[in-house]
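Asks: Please find the sequence and the predicted model below.
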2 protein chains.
Amino acid sequence: MSDDHKRAIALRRGDLAKATGCNLETIRYYEGVGLLPPPSRSVAGHRVYGAEDVRRLRFILRSRELGFSLKDIRGLLGLGSGSLVSCAEVKAATETHLNAVRAKIADLLRIEAVLAETTARCSGEHIPECPVLDALRNP
Amino acid sequence: MSDDHKRAIALRRGDLAKATGCNLETIRYYEGVGLLPPPSRSVAGHRVYGAEDVRRLRFILRSRELGFSLKDIRGLLGLGSGSLVSCAEVKAATETHLNAVRAKIADLLRIEAVLAETTARCSGEHIPECPVLDALRNP
DNA sequence: TTTACGATCTGTAGCAACTACAGGAGCAAG
DNA sequence: CTTGCTCCTGTAGTTGCTACAGATCGTAAA
């Protein structure tokens, strides 16, 4: 009478993949790296998942969409050490990540400016010296 | 009398690394993947580089800074197949890459908006439900 | 019942683009 | 001659998957 007192849903790996949009093999991978707990098994040894696994995997995938690394996500899930992640800790992790994202955006904007400028200067004709190649040659 | 008619400079691997700012091991790696040609060797078997190697490695590093993949760079260097990369081909490759960069920027801006909004909504206090975790849970 | 097809199981190898080590030699200075 | 740096080779680790190979399992039609 412990586990699920409601009629438990039982999903196979392919079902979980479809339910979450996750790649089939990635599920096994996440189990391997400890993001998903080892699920119970059918008599034949097939993995059997429940509603909690769906929620957890959705959380992981959503975090990945937002650019968190698997290490970050381990933290968000409270698998780091002391467990029981506090709201403040999650906020801190998110802010750190936000800074990293902003840094990357700044990087890419600089790159974009250089690329846009160089291609704009290039006619595509057979000119003695190519400004694009020049830009690559001269930092 | 062929190779270098000027007094050739002779750099060891560490010298080339310093001259370009490239990591020492990366030089060997680039040789392995065919971006740098196998250099001549000293009697003892040590790699010996010249001015052309410095130019080529600088070109590679600069391209990497701008986010080109090694595959892209192989193309820019004309190692693909028919060699002799035309200005138009370089321009096309650069524009393709520019589009990819812009797409990535757009991605990151969306991510940034979500992260900024969620952390703004979070006080860091012990509130029943954490809006950051909610945001991760509900796509 | 048999047979076929799909889904699942395991382990392992591959991708990018490096980085870092282990264990052995070379070379210059004190 | 010894110390200490550089260099040599090959290989393993990183991150986040993805894709096989070869075996087994579950189900549905013939």
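Replies: Received, thanks. Everything numeric in this text was worked out from a predicted model, so none of it was measured.

Asks: for the record, mean pLDDT for stretch A:58-68?
Replies: Per-residue pLDDT over stretch A:58-68 has a mean of 94.

Asks: now do stretch A:115-122
Replies: Taken as a whole, stretch A:115-122 carries a mean pLDDT of 85.

Asks: Now do the buried residues in that stretch.
Replies: Applying a neighbour-count criterion of 16 or more other CB atoms under 10 Å in any protein chain shown, the buried positions in stretch A:115-122 are A:115, A:118, A:119, A:122. Heads up, the C-betas are built off the backbone N, CA and C, glycines and all.

Asks: Near DNA strand C, list only the ones from these.
Replies: Contacts with DNA strand C within these, as defined by CB under 7 Å from any atom of the strand: none are present.

Asks: Which ones among the residues you listed lie within helices?
Replies: Per DSSP state H, helices hold the following members of those: A:115, A:118, A:119.

Asks: Please work out which helix or strand belonging to chain A has the smallest mean pLDDT.
Replies: helix A:131-137 (a mean of 60; mean pLDDT, DSSP states H and E).

Asks: Between the two ends of stretch A:18-31, what distance do you get?
Replies: End-to-end distance for stretch A:18-31: 17 Å, by CA to CA, to the nearest Å.

Asks: near DNA strand C at all, it?
Replies: Yes - contact between stretch A:18-31 and DNA strand C, assessed by CB under 7 Å from any atom of the strand, occurs at A:24, A:25, A:28.

Asks: and that stretch, how far from the chain's centre?
Replies: Centroid displacement of stretch A:18-31 relative to its chain, using CA atoms, centre = their mean, to the nearest Å, is 12 Å.

Asks: Buried ones in it, by neighbour count?
Replies: Buried-residue list, stretch A:18-31, by 16+ other CB under 10 Å: A:19, A:20, A:22, A:26, A:27, A:30, A:31.
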